[in-house]
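Chemist: model the structure of this input:
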Amino acid sequence: MQPHIDSIDDHFSLAAFPEVLRRFRPPAADFDPTGSWRCSYRMYTHTMGAAVVGRVEVSRRSRGADGAELKIEIRRNIARRCTQFVRAVVQCGTGPLATPTGWRLVREVREADGKLVPDLRAEETATVGKQGVHIRRGGKERLLPVRSPWTSDWALFEALPRMPRTSGSELRFALIEDFELLRPGQILAFRKTARIRFGAKRTWQYVAGRRLEKGEIDRPVVEVGGGSVVAAVAFERTGPGTVPVVAWLDQAGRILLVLSGQSAMVLA
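Modeler: Prediction:
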């Protein structure tokens, strides 16, 4: 375990959202990544002044030897005071990448008063074949020509807790992002472990620093205290055309933070 990260500014992925993360408090409840669980997240972006722009709920149900089923519910603020809703069910495999065997989802857009925008509603199913992933939507089908190894960004919620936490361990794969965008050449790697203090308060004191002929020069000393300390593990995903994505997990395997450039998901 590496030294404390007493300041949010001490790691590049945390420094982007200092005010949000200073208010973060890690959960105290037990967590078993192989059991049934549900985690809720707030979505933030710098383009809205680090305001909440959406919410995500991820829940897991074990399917035994067949892997796991993830349910993802996304509520995202979009243009003209409208809200996009995505409800998806993903069947994840048992491999190191939890590669999906298929999924189904519904996308909707609703106006501020809750009224559905009919033209922006879509139902979708995805099946995996020899040529890639077949996505069917509105009576039409398109092929994402992905080859193994591959996974999806949401399936990583199943894969990350069981990733080796040792230097040099990494996975190389293609990734389907947001159920429709294919990103080749991705690398997921363990980066570091650290004890992070969230919500710390800094106080400054002056102590004798140097004695001169006619007095002393005091020097400032910062003391960090309060807040909550969590033993955390960081994994990073990189690849062509991808802003690095850093996921911080607690020791139990619960994903606490997903940080990427101007975007953040923070456990609620």
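
Chemist: how many residues are close by the closest residue to Leu259 other than its chain neighbours?
Modeler: Nearest residue to Leu259, sequence neighbours excluded (Cβ to Cβ, 6 or more residues apart in numbering): Ser13, at 4.4 Å. The way it works is simple: take the backbone N, C-alpha and C, and place the C-beta from them, glycine included. Neighbour count of Ser13, defined by other Cβ atoms under 10 Å: 22.

Chemist: sec struct for Ser13, please.
Modeler: Taken by DSSP: H, G, I helix; E, B strand; the rest coil, the conformation at Ser13 corresponds to helix.

Chemist: what's the answer for Leu160, then?
Modeler: With three-state DSSP as the criterion, Leu160 was assigned helix.

Chemist: you'd agree it is up against Phe235?
Modeler: Yes - contact status for Leu160 versus Phe235: in contact at 6.0 Å, counting by Cβ atoms under 8 Å.

Chemist: quick one on the thing from earlier: separation between the residue nearest to Leu259 and Arg42?
Modeler: Here Ser13 is placed at a distance of 17 Å from Arg42 (Cβ to Cβ, to the nearest Å).

Chemist: please apply the same query to Asp178.
Modeler: As for Asp178, its distance to Arg42 is 18 Å (criterion: Cβ to Cβ).

Chemist: who has more neighbours out of these two?
Modeler: Comparing Asp178 with Arg42 by neighbour count (other Cβ under 10 Å), the higher total belongs to Arg42, at 17 against 11.

Chemist: surely that one touches Arg55?
Modeler: Yes - with contact defined as Cβ under 8 Å, Arg42 and Arg55 form a contacting pair (5.9 Å).

Chemist: what do those two both touch?
Modeler: Ala268 (Cβ atoms under 8 Å, 6 or more residues apart in numbering).

Chemist: from the chain's centre, how far out is stretch 141-154? Work that out for me.
Modeler: The gap between the average C-alpha position of stretch 141-154 and the chain average comes to 20 Å, counting by Cα atoms, centre = their mean, to the nearest Å.

Chemist: my error: substitute stretch 144-161 in the last question.
Modeler: Counting by Cα atoms, centre = their mean, stretch 144-161 is centred 14 Å from the centre of its parent chain.

Chemist: that one - what's its average pLDDT?
Modeler: Stretch 144-161 shows a mean pLDDT of 97.

Chemist: quick check: buried residues in that stretch?
Modeler: Of the residues in stretch 144-161, those buried by neighbour count under the rule 16 or more other Cβ atoms under 10 Å are 144, 146, 150-161.

Chemist: among those, which pair sits farthest apart?
Modeler: Using Cβ to Cβ, the buried residues of stretch 144-161 reach their maximum pairwise distance at Leu144 and Pro161, which is 25.9 Å.

Chemist: quick one: low-confidence ranges for this structure?
Modeler: By pLDDT under 70, the weakly predicted segments of the chain are 1-10, 48-49, 200-202, 222, 224-225.

Chemist: now the helices: where do they sit in it?
Modeler: Assigned helices in the chain, in chain order: 12-15, 18-22, 156-159 (criterion: DSSP state H).

Chemist: buried stuff in stretch 109-123?
Modeler: Along stretch 109-123, these residues count as buried under the neighbour rule (16+ other Cβ under 10 Å): Val109, Arg110.
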